[in-house]
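[1] next come a sequence and a model predicted from it.
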Protein chains: 4
Amino acid sequence: MDLANIQRRIREFRDARDWMQFHNPKNLAISIVLEATELLEHFQWKSPDESEAHAKAARDDIADEIADVSVYLIELADNLGIDLEQAILRKLDKNAAKYPAEKSKGNAKKYTEL
Amino acid sequence: MDLANIQRRIREFRDARDWMQFHNPKNLAISIVLEATELLEHFQWKSPDESEAHAKAARDDIADEIADVSVYLIELADNLGIDLEQAILRKLDKNAAKYPAEKSKGNAKKYTEL
Amino acid sequence: MDLANIQRRIREFRDARDWMQFHNPKNLAISIVLEATELLEHFQWKSPDESEAHAKAARDDIADEIADVSVYLIELADNLGIDLEQAILRKLDKNAAKYPAEKSKGNAKKYTEL
Amino acid sequence: MDLANIQRRIREFRDARDWMQFHNPKNLAISIVLEATELLEHFQWKSPDESEAHAKAARDDIADEIADVSVYLIELADNLGIDLEQAILRKLDKNAAKYPAEKSKGNAKKYTEL
């Protein structure tokens, strides 16, 4: 994924509209939540099986919602000077330590309950 | 960003714990929202200026929260066969059409109110 | 329900801590979302049936989460001079008009799709 | 507030549409979050002062959003046999113990940091 290109496109879009004044970390975090709930709304009343079927049937709409969350996430990381790839890899390592495979296998318990 | 590598790491982490049974689209969408609100909690009572200062002071913690949202987003896109990079680029084009620069400049109105 | 008593208790709690400075409508709306997601976290990985069983088994914890959302909701309505009971009754009337029983019976479609 | 009357109205509305099949605790918790974020969307890009002004200017719309959250909260409590008034009063007592006035005065620290 050409993240540098996406970051550049996001910055240009924002700055052409003079929107940096609205894009403090708090407002971007709110926006990530709001876009995430638009994604969740797709599945509000669906059973687990229906959620699988709906995700396929409405794949383009869902791709748009996933993209909306991603755009704000990428902008927030960019604004804060966070290397998104390194942050993800580092967190995956932390998660592996928090959730040892042998203790977590087949259960969804929180690490505080393992 | 080596997205294929991150996707592989996420799949291996999940499958080593036999967690695919929990990762239907509905549950992943819930998880994206929950991680996004952990990010937002950092800024709950902060003024805009304080949110800038806090984002710098707590950058590593915030990077972890951004990573948590990203991991579930990337997994959901992967599970649904969505090309995340293409989805983002396509949505950026749609956004540019929805928010013409001359109409949106310096205001935060929703496209339905422009 | 003695709402006036609850409102009084909430105001006294807040003012004894000099917290009105933090309780603008935006921050209260954020707080309602954050408490609502703590409630949702209880059911993150649960099937529909498991969510019924868990709600019974963890009823006191869930009552606390419901109370946390309620407290911020009641404070926000109070701060804005909104009569919560009238607001709820008015909205129930609107919902009845948006979702005619004969069209909505047994389906969970949004009113825009009926 | 005549909570029993509101509970009765909510049950009748739901049952006339045969919607109990969708209203398990997980789905109601999702719905509380979704309605809460519709409330938050009002303040997405607003400064603290603008959020005060907007809350007054759009008071009826905001009352509707507050009502939407309240309706799902009241239904969830009702379905689980939770006495909402007692739950709120009990939680206010817990909060008072978690946030001693002398330690919390004028600061918004979480109880874990006091």
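    Right, received. Where do you want to start? Residues are numbered from 1 along each chain as shown, chains lettered A, B, ... in the order given.

[2] run a quick check on residue A:7 versus residue A:74, I expect a contact.
    Yes. Using C-beta atoms under 8 Å, residue A:7 is in contact with residue A:74, at 6.3 Å. C-beta coordinates here come from the backbone N, C-alpha and C atoms, glycine included.

[3] of the two, which one has the most company?
    Each of residue A:7 and residue A:74 has its neighbours counted (other C-beta atoms under 10 Å in any protein chain shown); residue A:74 has more, 21 against 16.

[4] relative to residue A:9, how far out is the more buried one?
    Look at residue A:74 and residue A:9: by C-beta to C-beta, to the nearest Å, they are 10 Å apart.

[5] hang on, the earlier thing: joint contacts of residue A:7 and residue A:74?
    Common contacts of residue A:7 and residue A:74, defined by C-beta atoms under 8 Å, 6 or more residues apart in numbering or on different chains, are absent altogether.

[6] what helix or strand does residue A:60 sit in?
    Assigned by DSSP states H and E, residue A:60 belongs to helix A:59-79.

[7] angle of the helix or strand that that helix is followed by against helix A:59-79?
    Sequence-wise, the next helix or strand downstream of helix A:59-79 (DSSP H and E) is helix A:84-98. Helix A:84-98 and helix A:59-79 are oriented at 100 degrees to each other (axes from the mean of the first three to the mean of the last three C-alpha atoms, to 10 degrees).

[8] if you count contacts, what does helix A:84-98 end up packed against?
    Applying 3 or more C-beta pairs under 8 Å, 6 or more residues apart in numbering or on different chains; DSSP states H and E, one finds that helix A:84-98 contacts helix A:59-79, helix B:3-16, helix B:59-79.

[9] ok, which of those comes nearest residue B:86?
    Counting by C-beta to C-beta, residue B:86 lies closest to helix A:59-79 out of the helices and strands packed on helix A:84-98; the figure is 8.3 Å.

[10] what residue in chain A is the furthest from its centre?
    Centroid-distance maximum for chain A: residue A:102 at 27.6 Å, with C-alpha atoms, centre = their mean.

[11] how far does the helix or strand hosting it sit from its chain's centre?
    Following DSSP H and E, the helix or strand that holds residue A:102 is helix A:101-104. Chain-centre distance of helix A:101-104: 25 Å, with C-alpha atoms, centre = their mean, to the nearest Å.

[12] residues of that helix that come out buried?
    For helix A:101-104, burial by neighbour count (16 or more other C-beta atoms under 10 Å in any protein chain shown) applies to residue A:104.

[13] and for that helix, what's in contact with it?
    Residues outside helix A:101-104 that contact it (C-beta under 8 Å, 6+ apart) are A:114, B:16, B:17, B:19.

[14] how about the residues of chain A that lie near chain C?
    Residues of chain A lying near chain C by C-beta under 8 Å from any C-beta of the partner chain: A:30, A:33, A:44, A:45, A:47, A:48, A:108.

[15] now the fifth one. Nearest residue, chain neighbours left out?
    Setting aside the residues directly before and after it, residue A:47 is nearest to residue C:48 in space (C-beta to C-beta, 6 or more residues apart in numbering or on different chains), at 6.4 Å.

[16] okay then, goodbye and thanks.
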